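Undergrad: Sequence and predicted structure below; questions after.
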Amino acid sequence: MTLGMMMNRPLSIAAIMEFAAQVFAPAEIVSALPQGVLSHTYAASWRRIAQLAHALVGMGVKSGDRVATLAWNSHRHFELYYAIAGIGAVCHTINPRLFADQIAYIARHGGARHFFFDASFAATVDALLVEIPAAASAVLLGEEGDIAGLGMSAPVRAYEAEIAGNPETFDWPEFDENQASGLCYTSGTTGNPKGALYTHRSNVLHALFSIASGFGGLTAGARILPAVPLFHVNAWGLPYSAPLCGASIIMPGAKLDGQSLFDLIEVQKVDSLWGVPTVWVGLVQEMERRGRAPESLRNAVIGGAPATARLIDGLEGDWGLEVQHAWGMTEMSPIGTVGVLPPQHQAKPVHERRQFKRYQGRRVYGVDMAIRDANGRVLPNDGFAQGELCVRGPSVIARYYAAPEASRGAFTEDGWFRTGDVARIHPEGFLEIVDRVKDLIKSGGEWISSAELESVASTHPSVQMCAAIGVPDPRWGERPALFILPKPGMPVEPESMRSHMAAHMARWQVPDLYQIVDSLPMTATGKVSKQILRATFAAATKEESSS
């Protein structure tokens, strides 16, 4: 082997903002806070990040320490991403929407010792500090005057007081690019949450892969609003990819309802919104109420769960937005595919383009994909064969953090990560997620996709949201049941729904049970919780049989 003669400079998260502050200095981080909207340029943010780094060192944070965050999307949370990783510590984001016992498990398992939090999570952090006596500090993301109203028993510092007066430059250490930089846990829908321990190398490469894919408005001068949280999966990588390409980030804080998002998009002239389908459903309702889309909005990035044909067709056909589907996982940093249509597909008729938009897109550079059958055999990318989707790449985990049992079952013998998604890959490279392995419904020996049921049901004009699960059946083993949340003022009759499904699906696939609900249970990441639906249905069935 002949080695090349290039410099070996480690990839570094801090270097991203150093670059942005020099090359894209006027770009902004805008925060919608309860006290009002604040704006900082990248140049000003870099100075505040240096001040925060001094504060962290003063608090005793050392290389490798876990510094936990329980916070909404704001400039302060963004600054923590860079200062914590920049000094060699680990930014341990915790999803505050999880159940209390899951939050406590994540904090203990991850080894968090320092906690930075928004005021709305004060009670949660107070309880954590009791459970974790080794915790060294708790810092409110706000001013010193905000502490008195928290009612916390533990001592609390104020973020702005901690960074005030510190030098606006910092002597950033240099370390191996494989140094841990971030720790994020899965939502724990089965068993305990599992940790993905990211590195400087994986996060920087993930950002470059995302920018190279050409999606989501990742260009200089763009104004992107992440409705996806900084407390989970790196806000789809935006804290790193946006500064690298010079796009401004508009942080929405805690308000993700349709009206608040619409107003923020209008005032801040946002041209690209990134969110899960439920966020988009709320914004569409607000657009329907006002009779128009926000004037500046051009690009709709949808991920986290499959977007229905109705949602995609409505955003493009009714509101003139460019929809880009994306797919990924916590374990993948998270983006794996993006729905950027190549030129030959852009030239196709509208109905053909929309069909490709309903797929999850094509893989980004750096992510290898294959579908495998139950025996591990790789299946062809012919658009017909379906199996479990497996991935590998430099931004994909090699194992879970401190979870050897979970890691053993999550990888193939040759080292590919098993995603748990059932999928097809089409000849042009488009990924089509069929369902989660655990959500497939096996009825009379045949598989029924819950995702396909939901996609068909969503085309009914009165359906706002829906979810399909398998329920026990003495004859067929399982049969599909459909839970329907109607649009306001538009009731849905079960027989009408049955007729609608029968017109679009084979008879044996049509659900037997239709339940109209006032709400659907949601996971901490904005998806419908089928785990709760199954448990609720089982409990109701048991109660009926015993009465």
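TA: Ah, there it is. Numbering: from 1, shown residues only.
Undergrad: And the helix or strand bottoming out on mean pLDDT in the chain, how far out from the chain middle?
TA: Counting by mean pLDDT, DSSP states H and E, the chain has its least confident helix or strand at helix 530-546, which shows a mean of 83. Put simply, helix 530-546 sits 29 Å off its chain's centre (Cα atoms, centre = their mean, to the nearest Å).
Undergrad: Can you name every helix or strand that it contacts?
TA: strand 463-473 (3 or more Cβ pairs under 8 Å, 6 or more residues apart in numbering; DSSP states H and E). The C-beta positions use only the backbone N, C-alpha and C, and glycine is treated the same way.
Undergrad: Any idea how far the strand it packs on is from the middle of the chain?
TA: 23 Å.
Undergrad: Okay, now the sheet partners of it, with direction.
TA: Pairing partners of strand 463-473, with direction, according to DSSP bridges: strand 477-486 (antiparallel).
Undergrad: what's near enough to touch Ile163?
TA: 48, 51-52, 54-55 (Cβ atoms under 8 Å, 6 or more residues apart in numbering).
Undergrad: any idea how far it is from Phe356?
TA: 47 Å (Cβ to Cβ, to the nearest Å).
Undergrad: Give the residue spans of the stretch 401-547 of the chain that score low on pLDDT.
TA: Residue ranges of the stretch 401-547 of the chain with pLDDT under 70: 545-547.
Undergrad: residue boundaries of the helices in it?
TA: 404-409, 450-457, 494-502, 530-546 (DSSP state H, counting those that start in this stretch).
Undergrad: winner for burial among those?
TA: Of all the helices of the stretch 401-547 of the chain, helix 450-457 has the most neighbours on average by mean count of other Cβ atoms under 10 Å, namely a mean of 22.
Undergrad: Other residues contacting the least confident helix or strand of the chain?
TA: Under Cβ under 8 Å, 6+ apart, the answer for helix 530-546 is 189-190, 439, 450, 467, 469, 471, 481, 483, 520-521.
Undergrad: TSV for those residues, including distance to Tyr42?
TA: Below are these laid out as TSV (distance: Cβ to Cβ, whole Å):
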residue	distance to Tyr42
Thr189	37
Thr190	40
Asp439	42
Ser450	43
Ala467	41
Ile469	46
Val471	52
Ala481	50
Phe483	45
Leu520	39
Pro521	40
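Undergrad: Those residues, buried ones only, as a ChimeraX selection?
TA: Per 16 or more other Cβ atoms under 10 Å, the buried members of the contacts of helix 530-546 correspond to this ChimeraX selection:
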select :189,439,450,467,469,471,481,483,520,521
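Undergrad: still on that earlier bit, turn the helices of the stretch 401-547 of the chain into TSV, columns for distance to Gly444.
TA: Formatted as TSV, the helices of the stretch 401-547 of the chain follow (distance: least, Cβ to Cβ, whole Å):
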stretch	distance to Gly444
helix 404-409	28
helix 450-457	16
helix 494-502	17
helix 530-546	20
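Undergrad: Figure out which of the ones you listed is closest to Phe117.
TA: Counting by Cβ to Cβ, Phe117 lies closest to helix 530-546 out of the helices of the stretch 401-547 of the chain; the figure is 26.2 Å.
Undergrad: Can I get stretch 263-282 in CSV? Just the C-alpha atoms.
TA: The C-alpha coordinates for stretch 263-282 follow below in CSV (Å, rounded to 0.1, in the frame of the first residue of the first chain):
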residue,chain,number,x,y,z
ASP,A,263,-47.1,33.7,12.1
LEU,A,264,-43.4,33.0,12.7
ILE,A,265,-42.9,31.9,9.1
GLU,A,266,-44.5,35.1,7.9
VAL,A,267,-42.6,37.5,10.1
GLN,A,268,-39.2,35.8,9.7
LYS,A,269,-39.7,35.1,6.0
VAL,A,270,-39.0,31.4,6.4
ASP,A,271,-38.6,29.6,3.1
SER,A,272,-38.2,26.0,4.3
LEU,A,273,-40.0,24.2,7.2
TRP,A,274,-38.8,20.8,8.5
GLY,A,275,-41.3,18.8,10.5
VAL,A,276,-43.1,15.5,11.1
PRO,A,277,-46.4,14.9,9.4
THR,A,278,-48.4,15.9,12.5
VAL,A,279,-46.8,19.3,12.5
TRP,A,280,-47.7,19.7,8.8
VAL,A,281,-51.3,18.7,9.4
GLY,A,282,-51.6,21.5,12.0
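Undergrad: Now it: buried residues?
TA: Going by neighbour count (16+ other Cβ under 10 Å), the buried part of stretch 263-282 is 264-265, 268, 270-282.
Undergrad: Show me how far that stretch is from its chain's centre.
TA: Distance, centroid of stretch 263-282 to centroid of chain: 15 Å (Cα atoms, centre = their mean).
Undergrad: Rounded mean pLDDT for that stretch, please.
TA: Averaged across stretch 263-282, the pLDDT comes to 96.
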